[in-house]
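**Student:** here's my sequence, what's the structure:
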Amino acid sequence: MSASAPAAIPSAQLARTVRRFAARTGLWRPLVRFTAPDRSYRRLERTDAYEVWLLTWLPGQGTEIHDHGGSAGSFGVVAGTLTEHAFPAPADGGRRLGTGDVRAFGPGYVHQVTNADERPAVSIHAYAPALTTQTYYRREADGRLAVVRTDTITD
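**Tutor:** Take a look at the predicted model:
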């Protein structure tokens with residue numbers, strides 16, 4: 001008999017996980033490091049069911065357009081402001097997320113997150129299952145997304 005995979009964790013539960021970690025300021029605040037040119041990131045916890053990351057964002061830093069492979073996710077801003085563009089992108093210019101805001105999403109979700117503010121930002125992210133791949137995209141002139149590459153996530 002083979003062991004079964006852990007049950008999928010709904011994105012709403014991942015949002016609760018993000019809020020729980022956000023409240024543990026003594027855990028993540030000492031780990032905050034702002035780095036250039038790339039963002040700083042650090043895994044806070046990994047279990048058989050999920051993983052949690054701390055990310056920092058200087059003004060102007062951001063992600064490429066990407067998905068999270070087959071993982072559901074959630075992220076919350078614990079300091080500053082981030083802007084998220086989901087794809088296909090609505091015409092609203094993106095969603096601003098301030099301190100305390102949490103965004104949850106299911107597998108296959110495609111977005112881009114940036115710090116378009118003048119102050120640094122810090123966020124906490126949870127994924128279930130733990131990330132194994134991320135696909136990156138570019139937006140074509142007609143609005144469609146084209147795959148740029150798929151990265152394998154390793155420890």
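**Student:** so where is the protein shaky, pLDDT-wise?
**Tutor:** Counting by pLDDT under 70, the chain contains low-confidence ranges at 1-8, 89-92, 155.
**Student:** that one: helices as residue ranges?
**Tutor:** Per DSSP state H, the chain carries helices over the ranges 11-23, 25-28.
**Student:** dump those helices to CSV, plus distance to Tyr50 and mean neighbour count.
**Tutor:** No exception for glycine: its C-beta is placed from N, CA and C like everyone else's. What follows is the helices of the chain, written out as CSV (distance: least, Cβ to Cβ, whole Å; neighbours: other Cβ atoms under 10 Å):
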stretch, distance to Tyr50, mean neighbour count
helix 11-23, 6, 18
helix 25-28, 16, 13
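**Student:** any chance of these in CSV, plus distance to Thr99?
**Tutor:** Formatted as CSV, those follow (distance: least, Cβ to Cβ, whole Å):
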stretch, distance to Thr99
helix 11-23, 9
helix 25-28, 12
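**Student:** enumerate every residue touching Gly100.
**Tutor:** Gly76, Val77, Val78 (Cβ atoms under 8 Å, 6 or more residues apart in numbering).
**Student:** follow-up on the earlier one: of all the helices of the chain, which one is nearest Thr154?
**Tutor:** helix 11-23 (21.6 Å; Cβ to Cβ).
**Student:** against which helices or strands is that closest one packed?
**Tutor:** If contacts are counted by 3 or more Cβ pairs under 8 Å, 6 or more residues apart in numbering; DSSP states H and E, helix 11-23 sits against helix 25-28, strand 51-57, strand 72-79, strand 102-105, strand 121-128.
**Student:** go again using 6 Å as the cut-off
**Tutor:** strand 72-79, strand 102-105, strand 121-128 (3 or more Cβ pairs under 6 Å, 6 or more residues apart in numbering; DSSP states H and E).
**Student:** which of the ones you listed is buried the deepest?
**Tutor:** With neighbours taken as mean count of other Cβ atoms under 10 Å, the helices and strands packed on helix 11-23 reach their highest mean count in strand 121-128, at a mean of 26.
**Student:** Thr99: neighbour count?
**Tutor:** 15 (other Cβ atoms under 10 Å).
**Student:** can you check Leu97 too?
**Tutor:** 20.
**Student:** and if you look at Leu31?
**Tutor:** Neighbours around Leu31, by other Cβ under 10 Å: 12.
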